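*Asks:* Starting from these lines, generate the structure:
(one chain, ligands or ions: 1)
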Amino acid sequence: MLQGKEVLLGVTGGIAAYKSVLLLRELIKEGANVHVIMTKSAQNFVAPLTFQTLSGNQVTTEIFTLFSSSKIGHISLADRADLLVIAPATANIIGKIANGIADDFLTTMVMATRVPVLFAPAMNTNMWASPVVQANISRLKSMGYNFMEPAEGELACGTTGRGKLADVDEIMEDIKTLLSPNDLAGEKILITAGPTEEAIDPVRCITNRSSGKMGYNLAMVARRRGAEVTLISGPSCLPVPCGLPTIHCTTALEMERIIHENLDNATMVIMAAAVADFRPAEKSEKKIKRLGDHCLDLEPNPDILAGLGKIKGKRFLVGFAAETNDLVANAREKINRKNLDMIVANNVSTCGAGFCCDTNIIKIIDRDGTIYDFPQMSKEQVAEVILDHVVASRKKDGKEQ
Ligand code: PMT
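*Replies:* Here you go, the predicted structure:
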């Protein structure tokens, strides 16, 4: 996701500095080129060599470090970067920057750069609550600097409360948000994910192998790109994306009701959920015993998406087609029958595509029948290309109206 991005990672002197190593690894895993800048006190917690070895780049510790170019070190790095993240950010660094002090490489860099700066604070609970720190943060926020909320928990100093460095996953999410285009701003999107479960008796159900990964990735990427997202999720083991409004449901009927309760304000619906087409005609209140002959009577669930197609209005409707054969023909039939703007077809019997796995292989089919083929990608990348396509279609629609 961060291929080709230049990220500056500022590390300051707190015990959480060791977590910056994990952050660095994640950044590199996602393809970023990372330059680490350490303050003097940070070097008491982690050796620069650790960051240098992992990043493959010289770690900057001195204000008068020169780079191979003729430009002064901090200007050269500041010019090249896409983003500067300071993790952990101590009360001291926040105070210095808020008050215009630039007496080491990191503080000088913050003054010199025009790219987004993200602070991930970590400090003792009382320090975090101190009016001085909070005033400095408000001042920096008002100038356009970005802040993460520290987490609550047991701190290295023995106290419990707010002040722990935010989780690396959350820092990564904020970094990706700052580096994403804001091209879905103004869109209010309902995204469904996961399977539905239709109970047979208290211990058995009809369901499918959807994990929710495709829908959850779509929700996270759409939020990064500025959309107001509500995730409507069937039963899934995935953690709820931090701060993302999520409504849980179990059955197809519940999913349908929740969608309709939230439909009024929605400008778009993306149905990635694998909705059960049938449910048992009757649910046994007791566990059905093994003995005897059994026959399961089924009745159809509503086709939620087809129902939305009938009351579509100006909403943009995206469906998925999970197929095992005749992918394009079946997807085309669904786009027309359900009155969709776009359908994402995946052959769920192909290795590396469809249910459960971390990757998918998709074809996007437009209303006019045009087919766009994509290679195997992570579900996060698939979410990006689907949303690229949505943005392009929305722009085209806007021009045509
Ligand atoms: O969750 P993962 O493990 O990441 O797997 C992702 C996925 C394979 C579930 C996803 O990529 C996918 O294909 N989702 C759609 C699954 C599906 O139900 O496809 P379908 O072809 O049966 O249905 C077509 C469309 O109608 C879908 O958008 C579906 O949400 C919707 N539908 C289906 C049945 C029904 N009763 N009501 C519906 O609204």
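*Asks:* which residues sit in contact with the residue in the chain sticking out farthest from the centre?
*Replies:* Centroid-distance maximum for the chain: G292 at 49.4 Å, with Cα atoms, centre = their mean. Contacts of G292 were listed using Cβ atoms under 8 Å, 6 or more residues apart in numbering, and none were found. Bear in mind the C-beta positions are built from the backbone N, C-alpha and C, glycine included.
*Asks:* I'd like to know how far the spatially closest residue to R337 that is not a sequence neighbour sits from G226.
*Replies:* Nearest non-adjacent residue to R337, counting by Cβ to Cβ, 6 or more residues apart in numbering: A306, 6.5 Å away. Using Cβ to Cβ, to the nearest Å, A306 is found at 29 Å from G226.
*Asks:* Repeat that for F45.
*Replies:* For F45, the distance to G226 equals 36 Å [Cβ to Cβ].
*Asks:* For T324, which non-adjacent residue is closest in space?
*Replies:* S349 (4.4 Å).
*Asks:* quick revisit: so the residue nearest to R337, which state does it fall into?
*Replies:* Following DSSP: H, G, I helix; E, B strand; the rest coil, we place A306 in the helix state.
*Asks:* So it sits against N336, correct?
*Replies:* No: using Cβ atoms under 8 Å, A306 is not in contact with N336, being 10.8 Å away.
*Asks:* got the residues of the stretch 251-400 of the chain near the ligand?
*Replies:* 252, 271-275, 277, 301, 303-305, 319-322, 334, 346, 348, 354-356, 379 (Cβ under 6 Å from any ligand atom).
*Asks:* of the residues you listed, buried ones?
*Replies:* Among these, those scoring as buried are 252, 271-275, 301, 303-305, 319-322, 334, 346, 348, 354-355, 379 (criterion: 16 or more other Cβ atoms under 10 Å).
*Asks:* residues in contact with stretch 202-211?
*Replies:* 193-200, 234-238, 273-274, 276, 278-280, 284-288, 298, 355-356.
*Asks:* could you measure F374 against A274, distance?
*Replies:* F374 is 20 Å from A274, by Cβ to Cβ.
*Asks:* what distance separates the longest helix belonging to the chain from the centre of its chain?
*Replies:* Counting by DSSP state H, the longest helix found in the chain is helix 379-400. From the chain centre to the centre of helix 379-400 is a distance of 17 Å (Cα atoms, centre = their mean, to the nearest Å).
*Asks:* still on that earlier bit, show me what contacts the residue nearest to R337?
*Replies:* Listed by Cβ under 8 Å, 6+ apart, the contact set of A306 reads R337, K338, N339.
*Asks:* how about 10 Å then?
*Replies:* G319, K334, R337, K338, N339, L340 (Cβ atoms under 10 Å, 6 or more residues apart in numbering).
*Asks:* Likewise for L317?
*Replies:* Applying Cβ under 10 Å, 6+ apart, the residues near L317 are 268-271, 305, 308-309, 335, 338-343, 367.
*Asks:* now with 6 Å?
*Replies:* By Cβ atoms under 6 Å, 6 or more residues apart in numbering, L317 lies in contact with V269, L340, D341.
*Asks:* isn't the first one right next to L190, touching?
*Replies:* This points to V269. Yes: V269 is within contact range of L190, at 4.7 Å (criterion: Cβ atoms under 6 Å).
*Asks:* For my notes, confirm S76 occurs in a helix.
*Replies:* Yes: assessed by three-state DSSP, S76 belongs to a helix.
*Asks:* Next one, pLDDT for it please.
*Replies:* In the prediction, the pLDDT value recorded for S76 is 77.
*Asks:* What separation do you get for it and A112?
*Replies:* 10 Å.
*Asks:* what's the distance between the host helix or strand of T108 and the middle of its chain?
*Replies:* Secondary structure assignment for T108, by DSSP states H and E: helix 105-112. Here helix 105-112 is found 29 Å from its chain centre; the criterion is Cα atoms, centre = their mean.
*Asks:* I'd like to know which elements it is packed against.
*Replies:* helix 73-80, helix 91-98 (3 or more Cβ pairs under 6 Å, 6 or more residues apart in numbering; DSSP states H and E).
*Asks:* which of the residues in that helix are buried?
*Replies:* Neighbour counts using 16+ other Cβ under 10 Å place F105, L106, T107, T108, M109, V110, A112 of helix 105-112 among the buried residues.
*Asks:* Filter these to keep only those in contact with the ligand.
*Replies:* Near the ligand, taking Cβ under 6 Å from any ligand atom as the test, no member of the buried residues of helix 105-112 is found.
*Asks:* Just name the most buried of the helices and strands packed on helix 105-112.
*Replies:* Sort these by mean neighbour count, taking mean count of other Cβ atoms under 10 Å, and helix 91-98 sits at the top with a mean of 21.
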